[in-house]
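J.: sequence unavailable; structure follows:
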């Protein structure tokens, strides 16, 4: 079943830029669609952002059909009759074997340009106040990270809270709540993340992260056979969502600068900050 847009589509095409018109568009979209697109914002958004919101609303007409994908730990995927460019795994996934390609195309999602340059700056300014006081560490408690500093943050300013809510509404289902604390991981230019699988006792089936300041290449390899793997390109300001088999059947790592190639193209590394959200374990292991 698809949405019947009626007057809404013509309203959006005309680049409506009034607050009252935007409110009507949001209300109409909520009624016409099965789900509320994560790009919606409140009517209190500043006027200079309204045009961008209307563009998001227009694009979101294609995201109206929700389908339960029962093979991905209960994750709700939005499917469209029109291919979504930002969700096409061919753009960001280079798998070396068919099995890895099939799993990672489904369980490792990358959405490019998830945040704007302004939003990246807002997030960076808030975390940098604390991060700049820390030293980069070169010995991690589980030997997984080299050249890093990190913190966990619960309280955010109003604008960044809205960004994080957008992340959570896209990445997580309603069945399992996101963890209250957001992980802020700052990797130096010469730093890297070694192959590892996250401990299941601390968090749930899904992890999602925004990439600030620098692009990178993440490699996911089958834990049982490291010769089977896929490289994932994470552009600056993108959002990745790792879940299901990609999360627990594959190790993941961020490649060193000298190894940072995607489809034979060098991806230069610089300091990179990840804003990472996780959900709670579905079943207590105690």
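T.: Perfect, I can see it now. What you see is a predicted model, and the numbers here were worked out from it, not measured in a lab.
J.: which residues in this structure form strands?
T.: 65-68, 76-79, 93-95, 108-111, 145-153, 182-196, 206-212, 216-222, 225-234, 239-243, 250-254, 261-262, 265-266, 272-278 (DSSP state E).
J.: determine the set of other helices and strands touching the fourth one.
T.: Just to be clear, that refers to strand 108-111. Applying 3 or more Cβ pairs under 8 Å, 6 or more residues apart in numbering; DSSP states H and E, we find strand 108-111 packed against helix 89-92, strand 225-234, strand 239-243. In short, each C-beta sits where N, CA and C put it, glycine included.
J.: average pLDDT for the shortest one?
T.: Across helix 89-92, pLDDT averages out at 84.
J.: and what of the longest one?
T.: Along strand 225-234, the predicted confidence averages to a pLDDT of 95.
J.: that strand vs strand 239-243, what angle?
T.: 150 degrees (axes from the mean of the first three to the mean of the last three Cα atoms, to 10 degrees).
J.: partner strands of strand 225-234, parallel or antiparallel?
T.: Sheet pairing of strand 225-234 (DSSP bridges) gives strand 93-95 (antiparallel), strand 216-222 (antiparallel).
J.: what's the longest one in contact with?
T.: Which is strand 216-222. 99-100, 104, 108, 195, 227-234, 240, 246, 249-255, 259-262, 267, 269, 272 (Cβ atoms under 8 Å, 6 or more residues apart in numbering).
J.: now swap in the first one and tell me
T.: Here strand 93-95 makes contact (Cβ under 8 Å, 6+ apart) with 101, 104-105, 108, 110, 229-233, 262-263.
J.: can you give the domain ranges for this protein?
T.: Listed by automatic domain parsing, the domain ranges of the chain are 7-67, 89-278.
J.: show me the helices in the stretch 51-200 of the chain, by range?
T.: Along the stretch 51-200 of the chain, counting by DSSP state H, counting those that start in this stretch, helices occupy 89-92, 98-107, 117-131, 158-171.
J.: just name the most buried of these.
T.: helix 98-107 (a mean of 18; mean count of other Cβ atoms under 10 Å).
J.: that one packs against which elements?
T.: strand 93-95, strand 216-222, strand 225-234, helix 244-248, strand 250-254.
J.: out of these, which is closest to residue 139?
T.: Closest to residue 139 of the helices and strands packed on helix 98-107 is strand 250-254 (Cβ to Cβ; 17.0 Å).
J.: that closest one - what's its average pLDDT?
T.: 95.
J.: can you list the low-confidence ranges for the chain?
T.: For the chain, the stretches with pLDDT under 70 are 1-88, 140-142, 200, 283-286.
J.: tell me the bridge partners for the nearest residue to residue 137 once chain neighbours are set aside.
T.: Leaving aside its sequence neighbours, residue 137 sits nearest to residue 148 (Cβ to Cβ, 6 or more residues apart in numbering; 5.8 Å). Assessed by DSSP bridges, residue 148 has beta-bridge partners residue 137, residue 187.
J.: how close does residue 148 get to residue 89?
T.: 28 Å (Cβ to Cβ, to the nearest Å).
J.: then residue 235?
T.: For residue 235, the distance to residue 89 - Cβ to Cβ - is 14 Å.
J.: likewise for residue 110?
T.: From residue 110 to residue 89 the distance is 8 Å (Cβ to Cβ).
J.: just to check, residue 184 is in contact with residue 148?
T.: No - counting by Cβ atoms under 8 Å, residue 184 stays clear of residue 148, with 10.6 Å between them.
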